[in-house]
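Trainee: show me how the following folds:
(one chain, ligands or ions: 1)
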Amino acid sequence: MSVSPMYQTILTKTENEIFYITINRESKLNALNIQTLADIKSAILSTYEDNAINGIIITGAGTKAFAAGADIEEFANFSVEEGTRMSAEGHAVLNAIESCPKPVLAAVNGFALGGGNELAMACHLRVASENAKFGQPEVNLGLIPGYAGTQRLAQLIGRGRALELLMTADVINAQEAHRLGLVNHVVTLDQLIPKCEEILNKIKTKSPLAISSVIRCVNAYYEKKLDGNNVEINEFGNFFGSEDFKEGTEAFLNKRPAAFKGK
Ligand code: COA
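Mentor: So this is what the prediction gives:
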């Protein structure tokens, strides 16, 4: 792991075509301040066009927290304008993750509260360690989630369950998060990154064109301005002009593994 001079609050590295982002504010339980969000956004955007990267894993430094929320100390004295800007920018950062053309996995290694849970929910998949804890405790602070937590939580676990967590501020453990469908897998802490790598290595064998298209089509379902069915019809049709589709079907018919180029 290295601190790129570009980033002040995260560590990044690329290994075996996986880009790792580690939120590096362990003494503050990896609370997300404005700089952390800016660092994450710029790191994620740097992967968009990078052909050497097939997937991204976001985790938190240490064994206690993924991210314990937005940085309460930083925003405690914000004005209405600053609060609105903070939320809008948080939305933009998490949208950049959700729209990433490569799979982004949250490796949730501890507390994922408030903005931390919102960050995890913006990732395409979530893998939790057994000690992970999830919640949206903003109402305890006289506040609501500001990084699309009210939207993505309802999308992921359903309206009634989301409203209960949002209104009670209950913090749930990894097994309960799994039961609710908030996380895809629960593993031991030492298996957290290997499990994420296993998933990404499986996805890596598929057509990169198809993977980014699947992400766009599923995202379109939640985008009010788009008709997801039309997006899928158009995307599906376009594959018939792609090299990956020719390669995939030829490989199947010739009973050999496909070697996709992402073209
Ligand atoms: N923002 C800023 N600082 C935070 C933080 C946050 N969201 N969450 C934790 N920290 C800081 C603490 O202030 C403390 O800093 P200090 O050592 O300089 O005093 C440090 O991280 C360790 O946290 P601490 O509270 O001592 O750990 P704990 O094990 O007793 O409790 C939590 C862990 C997660 C239960 C508790 O830190 C907490 O409730 N955090 C806030 C969660 C929250 O409301 N998030 C939503 C924000 S919108």
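Trainee: the ligand contacts on this structure?
Mentor: Within the chain, the positions near the ligand by CB under 6 Å from any ligand atom are 28-29, 31, 68-73, 111, 113-115, 137-138, 141. C-beta here means a position set from N, CA and C on the backbone, and glycine is covered the same way.
Trainee: next step: these restricted to helices.
Mentor: Among the residues of the chain next to the ligand, the members found in helices (DSSP state H) are 72-73, 115.
Trainee: quick one: the residue in the stretch 101-250 of the chain positioned nearest to the ligand from residue 146, how far?
Mentor: Nearest residue of the stretch 101-250 of the chain to the ligand: residue 114, at 2.6 Å (CB to the nearest ligand atom). Applying CB to CB, to the nearest Å, the value for residue 114 to residue 146 is 9 Å.
Trainee: now the helices for this protein?
Mentor: Taking DSSP H as the criterion, the chain carries its helices at 34-47, 72-75, 80-98, 115-122, 149-157, 159-168, 174-180, 192-204, 208-221, 228-239, 243-253.
Trainee: and these as TSV, adding mean pLDDT?
Mentor: TSV is the format used below for those (pLDDT from 0 to 100):
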stretch	mean pLDDT
helix 34-47	98
helix 72-75	97
helix 80-98	98
helix 115-122	98
helix 149-157	98
helix 159-168	98
helix 174-180	98
helix 192-204	98
helix 208-221	98
helix 228-239	97
helix 243-253	97
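Trainee: picking that back up, next, count neighbours for the closest residue to the residue of the stretch 101-250 of the chain closest to the ligand other than its chain neighbours.
Mentor: Using CB to CB, 6 or more residues apart in numbering and skipping residues adjacent in sequence, the residue nearest residue 114 is residue 69, 3.1 Å away. When neighbours are defined as other CB atoms under 10 Å, residue 69 has 27 of them.
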